[in-house]
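In: Attaching a predicted model along with its sequence, questions to come.
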Amino acid sequence: MLCLLTVTSSFAAAYEIFYDESLTPRQDSTINDKPLDLLGLLDRIAFVCDDDSVRNLLCYEHTHTTGLRMLGIMQMDMDIQLMLEVKYDYVKKLRRAQTDNQADSLVVFDQLAMARNHVLVNAEVIGGPNEKIVPSWTMNETDAACPYPLFGEGDVPDFYKIKISYANSKLDDSELLRLIRNSRPDRLDDRWLTKCRHVFMSALKSQAQDIPVQLMSDLLDAVVDIYEKIHIDVLFNMNRDLSSSTSSSTTVLKNEITKLSANSGLTNLQERGVQKAINYGAQIGLVHDVNLAKQNVTKLLKAVKSHLKQRSQSIRPNLSLINGSSMNEIKLNFNQSIDYPGYDWFVTSIFFLMHCDEVRAWRWLRTFSLLLPSGFLWCARLYNSPFISADMVQYTIHPIYAGTTHAVELIIENEMSQVFFAFRMSGLAPSHIAYQWIKQCFWNYLDWPEIVTYLTLCILYGIDYQVYYCVSIFKYLQNDIIKQHSARNLLPFLKCHQIRGFSARDYIDFMVSLEKRYRSILMPELKELVCFSTNNRNTN
């Protein structure tokens, strides 16, 4: 079961298993069919919602609990969750089963009710440890009553949603604020960046107050603009339309978005993702007009999809000649589409970060797509890209996996041997866990301000800080990892639990120490992974 869960809780692997041409809802199988594949297994033991399904199971409670545990782990990859919702509408089935567990205002509290409740809350509500309450998987024997409200019909109880607002936070006068707001005319050289890094580090280490999200938003706006203008880490710059890309007129940018969005569409999975993301944004105070935000982020996602497709197609023919073979040979289902098949959590994060202003977000993303960090922070950026080798494209090996998470494992082995061996003896890999965190921008694991801090560190100080950030989280969790390994519960713990109490502020000195020891090794390797097209052009 562990091996099955390890494989199927990866989106690329799950996509191969659940794939069909249209990704349409699957027809229910007859009750006497034996499960011949993972789809049939989930039908049989997880999506149990009527009396016939119950009677068809031996050891009903034990078997169904196992199915719910499997489903609960799989759905923590938010792309898998969206795919299962589109294909199975499994949330509706579990809600129906939960409703059937009630009669005449009486509610049956048992292991299955608690397990279904756990799965439903994680499926319906997004949030970090201070944004969402995750119900327990089981009841304690000492509990006189269930401490969590169960639900079947209706909206998710407010009990599970922690009301908090990160919008329009007050900006107190500080050195960082003055640097960003008052020194903009003089910032087109690396001296401004050096000073900015120093001031941000001092502010991060300060225990007086957290750095406001709004201030980090303005900081990232300025830093990405400088990187592009003085050519720092500008790697993905081939065949660039300079006349279009340098324009910052709001009217021109709006026209670009409208034109590009008209040439692309969203899949059912991505449309479901928009709804969930906007609900999260509204919950934490970043979205004020749900309908307008949904419309704008949809337009932005379509425009970005068209933009990335155009950039890849403009280079791909030359790359095919270099390789001497077609890029379409022996491709997996995951790579059949030109467009990234999952939901773009990074673009949505930037949309929220830019105050739900799709024009500002588009200008930032268009510039950021030229830079090295985009290849590792933005999972969709290098999907089927000519900037990585044909072998990596063919076998769905993303640079995040080949670069960042591989480096995470090497550093953990060197720095935290007990954690490394706990993973090895559990049959897991730190890279598997770290890849999921990065792919969905730590959504569901960290609070929004910490997610923004993560993005700021990786862009301001270098993409190798993505490695150091993940290593720091494993260091923070090391005692829990060893304990959960001993309890044979490591995979559910890392997949289904939020990263409660972690702050980059507490580990920034550790990250800096890792930079001093590993940057000279990591940065050349990370750049090499995403400079494939450039390197081949230079040698031919």
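Out: Received it, and whenever you're ready, just let me know what you need.

In: helix or strand right after the strand or helix carrying residue 433?
Out: Applying DSSP states H and E as the criterion places residue 433 in helix 430-439. Reading on from helix 430-439 to the C-terminus, the next helix or strand found by DSSP H and E is helix 448-461.

In: could you say what helices and strands that next one packs with?
Out: The helices and strands touching helix 448-461, judged by 3 or more C-beta pairs under 8 Å, 6 or more residues apart in numbering; DSSP states H and E, are helix 190-205, helix 213-229, helix 345-353, helix 374-377, helix 464-476, helix 504-529. For every residue, glycine as well, the C-beta is placed using N, CA and C.

In: returning to that earlier point: residues in contact with the helix holding residue 433?
Out: The list of residues contacting helix 430-439 from outside it, by C-beta atoms under 8 Å, 6 or more residues apart in numbering, reads 6, 9-11, 76-77, 79, 342, 345, 376-377, 379, 398, 400-401, 404-406, 408-409, 412, 419-420, 423, 445, 466, 470, 473-474, 494-495.

In: residue closest to the middle of this structure?
Out: The centre of the chain sits closest to residue 440, judged by C-alpha atoms, centre = their mean, with a distance of 0.2 Å.

In: what residues are up against it?
Out: With contacts defined as C-beta under 8 Å, 6+ apart, the neighbours of residue 440 are 77, 78, 79, 345.

In: Export the residues you listed as CSV, with columns for pLDDT and secondary structure.
Out: Written out in CSV, the entries for the contacts of residue 440 read as follows (pLDDT from 0 to 100; DSSP: H, G, I helix; E, B strand; the rest coil):
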residue, pLDDT, secondary structure
77, 97, coil
78, 97, helix
79, 97, helix
345, 98, helix
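
In: And the chain, split by domain according to the record?
Out: Described in terms of the TED database, the domain architecture of the chain consists of the residue ranges 1-160, 233-317+331-386, 399-536.

In: mind checking which of the ones you listed is nearest residue 201?
Out: For residue 201, the closest of the domains of the chain is domain 399-536, at 6.9 Å, according to C-beta to C-beta.

In: Check the offset of the helix holding residue 433 from the chain's centre.
Out: Relative to its chain's centre, helix 430-439 lies at 9 Å (C-alpha atoms, centre = their mean, to the nearest Å).

In: ok, now stretch 200-213?
Out: Remark: stretch 200-213 is offset 25 Å from the chain centroid, using C-alpha atoms, centre = their mean.

In: Quick one: end-to-end distance for it.
Out: 13 Å (C-alpha to C-alpha, to the nearest Å).

In: now stretch 487-498
Out: Start and end residues of stretch 487-498 are separated by 19 Å (C-alpha to C-alpha).

In: which residues are contacting that stretch?
Out: Residues lying outside stretch 487-498 but in contact with it, judged by C-beta under 8 Å, 6+ apart, are 2, 5-6, 9, 69, 72-73, 76, 122, 128-129, 132, 134, 137, 422-423, 426, 428, 433, 436, 444-446, 477, 480-481, 484.

In: now that stretch: mean pLDDT?
Out: Averaging pLDDT along stretch 487-498 gives 94.

In: buried set for it?
Out: Neighbour-count burial for stretch 487-498, counted by 16 or more other C-beta atoms under 10 Å, picks out 490, 491, 492, 494, 495, 496, 498.

In: And the fifth one, its phi and psi?
Out: It stands for residue 495. For residue 495, the backbone dihedrals are phi -80, psi -40 (criterion: degrees, to the nearest 10).

In: Any figure for the gap between it and residue 110?
Out: Per C-beta to C-beta, to the nearest Å, residue 495 is found 24 Å from residue 110.

In: same thing with the second one?
Out: If you measure residue 491 against residue 110 using C-beta to C-beta, the figure is 24 Å.

In: circling back: mark which of the contacts of stretch 487-498 are buried, thanks.
Out: Buried members of the contacts of stretch 487-498, scored by 16+ other C-beta under 10 Å, are 5-6, 9, 69, 72-73, 76, 122, 128-129, 132, 134, 137, 422-423, 426, 428, 433, 436, 444-446, 477, 481, 484.

In: In helices, which of the residues you listed fall?
Out: In helices, judged by DSSP state H, the following of these are found: 5-6, 69, 72-73, 122, 422-423, 426, 433, 436, 481, 484.

In: Widest-spaced pair of the residues you listed?
Out: Across those, no pair lies farther apart than 122 and 422, at 24.5 Å, counting by C-beta to C-beta.

In: From what I see, residue 85 and residue 275 are in contact.
Out: No: judged on C-beta atoms under 8 Å, residue 85 makes no contact with residue 275 at a distance of 10.2 Å.

In: the more surrounded of these two?
Out: Between residue 85 and residue 275, counted using other C-beta atoms under 10 Å, the more crowded position is residue 85 (20 against 13).

In: Report the helix or strand with the lowest average pLDDT across this structure.
Out: Each helix and strand of the chain was given a mean pLDDT (mean pLDDT, DSSP states H and E); the minimum falls on helix 242-245 at a mean of 40.

In: Quick one: name whatever helix or strand follows that one.
Out: Towards the C-terminus, the helix or strand next in line after helix 242-245, according to DSSP H and E, is helix 250-261.

In: what comes into contact with the helix or strand that comes right after that following helix?
Out: With elements assigned by DSSP H and E, the helix or strand that comes after helix 250-261 is helix 268-283. With C-beta under 8 Å, 6+ apart as the contact definition, helix 268-283 has outside contacts at 23-24, 78-79, 82-83, 85-86, 125-127, 131, 161, 163, 266, 287-288, 290, 293-294, 297-298, 301, 341-345, 348, 352, 356, 443.

In: quick revisit: is it possible to export the helices and strands packed on helix 448-461 to JSON lines including distance to residue 154?
Out: Putting the helices and strands packed on helix 448-461 into JSON lines (distance: least, C-beta to C-beta, whole Å) gives the following:
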{"stretch": "helix 190-205", "distance to residue 154": "42"}
{"stretch": "helix 213-229", "distance to residue 154": "32"}
{"stretch": "helix 345-353", "distance to residue 154": "27"}
{"stretch": "helix 374-377", "distance to residue 154": "38"}
{"stretch": "helix 464-476", "distance to residue 154": "36"}
{"stretch": "helix 504-529", "distance to residue 154": "38"}
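
In: Tabulate those helices (TSV), appending distance to residue 388 and mean neighbour count.
Out: Rendered in TSV, the data for these read as follows (distance: least, C-beta to C-beta, whole Å; neighbours: other C-beta atoms under 10 Å):
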stretch	distance to residue 388	mean neighbour count
helix 190-205	28	16
helix 213-229	21	20
helix 345-353	17	24
helix 374-377	8	24
helix 464-476	17	24
helix 504-529	7	16
